[in-house]
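> Got a sequence here, can you model it:
(one chain, ligands or ions: 1)
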Amino acid sequence: MSADLSPIDKAKFAAAKRATDFVEDGMRVGLGTGSTAAWLVKCLGELVREEGLKITGVPTSSRTAALARDVGIPVISLDEAKWLDLTIDGADEYDGNLNLIKGGGGALLQEKIVATASDQMVVIADVGKQVDTLGAFPLPVEVIPFGWQTTKVLVEETLIGLDVLGRTASIRMNGDHPYVTDEGNYILDLHLRRIGNPRQLSLVLNQIPGVVENGLFIDICDAVVIGYGDGRVELRNINDGTIEESQIDFLEGENLFSDLSD
Ligand SMILES: O=C(CO)[C@H](O)[C@H](O)COP(=O)(O)O
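Reported below is the predicted structural model:
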């Protein structure tokens, strides 16, 4: 059955499965959003249903909340949990310092709040997300709908003085209308190509009126689990610099592979 999965899905599954090793009984766990995080939620659901793992999940989007409930993970809000032991989430890019671009799935605001409210954040990703310098992936910036076109101009003008290669922003669309986030906001995607100073960019963007949050995660991620299509996984820990390698057996996912939906 695993032969039906694309190499990229196998890599995502392998990273997600390995990341379940971080989850222990009694933990409050932030559940990320996206196709890699969906594998994690499915793997955790299986552990809850079949091995009696006792966790409480705090989802980072309405999509993840629905999936978590579907697979049997008890779900509470961040306000109910207040603080989390661990968040596991995907990413659009990660660099050597484990700084991230997130928000390709439009959930960056809840994802950043939840990850920041966690003792530990672990990113799960296929190796294609690894970059030397952030910025090839368009940087998502969540803005309030009121005056968004003015905010877009302000954002583009702000980029002029910064260490980036591209300086245009586009409004993310859903068919004929702007894409609307779970918080009722819009997303501007910034086409920067190269971000020379992610920390500075993140600070500057968040000072622009109308900007709610940006998709740069600086000093938030503690470890990344990198999956490969052949089942190999690498765990890179930013705090102690260690790299651990292991191998995931795809037979462990047989029951999950019948449903590939996010
Ligand atoms: O930030 C995100 C959603 O807002 C996702 O984590 C990111 O887009 C990666 O998604 P995928 O695992 O589907 O590649």
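
> Name the residues of this protein found near the ligand, please.
Within the chain, the positions near the ligand by C-beta under 6 Å from any ligand atom are 32-37, 89-92, 102-108, 111. The way it works is simple: take the backbone N, C-alpha and C, and place the C-beta from them, glycine included.

> Please look at residue 124 and residue 89 and confirm they touch.
Yes - assessed by C-beta atoms under 8 Å, residue 124 is found in contact with residue 89 at 7.3 Å.

> Now do the shared contacts for those two.
Counting by C-beta atoms under 8 Å, 6 or more residues apart in numbering, the common neighbours of residue 124 and residue 89 are 32, 37.

> nearest spatial neighbour of the most centrally placed residue in the chain, skipping sequence neighbours?
Nearest residue to the geometric centre of the chain (C-alpha atoms, centre = their mean): residue 90, 3.4 Å. Leaving aside its sequence neighbours, residue 90 sits nearest to residue 36 (C-beta to C-beta, 6 or more residues apart in numbering; 3.7 Å).

> Wait, a helix at that neighbour?
Yes - assessed with DSSP: H, G, I helix; E, B strand; the rest coil, residue 36 lies in a helix.

> what's the pLDDT at residue 160?
Looking at residue 160, its pLDDT is 96.

> still on that earlier bit, give me every residue that touches the residue nearest to the centre of the chain.
Residues near residue 90 by C-beta under 8 Å, 6+ apart: 12, 32, 33, 34, 35, 36, 37, 102, 105, 123, 124, 125.

> repeat for residue 246
Listed by C-beta under 8 Å, 6+ apart, the contact partners of residue 246 are 18, 232, 233, 235.

> strand partners of the one helix or strand it maps to, parallel vs antiparallel please.
Counting by DSSP states H and E, the element that carries residue 246 is strand 243-247. The strands that strand 243-247 pairs with in its sheet are strand 232-237 (antiparallel) (by DSSP bridges).

> So what's the gap between the strand it pairs with and the chain middle?
17 Å (C-alpha atoms, centre = their mean, to the nearest Å).
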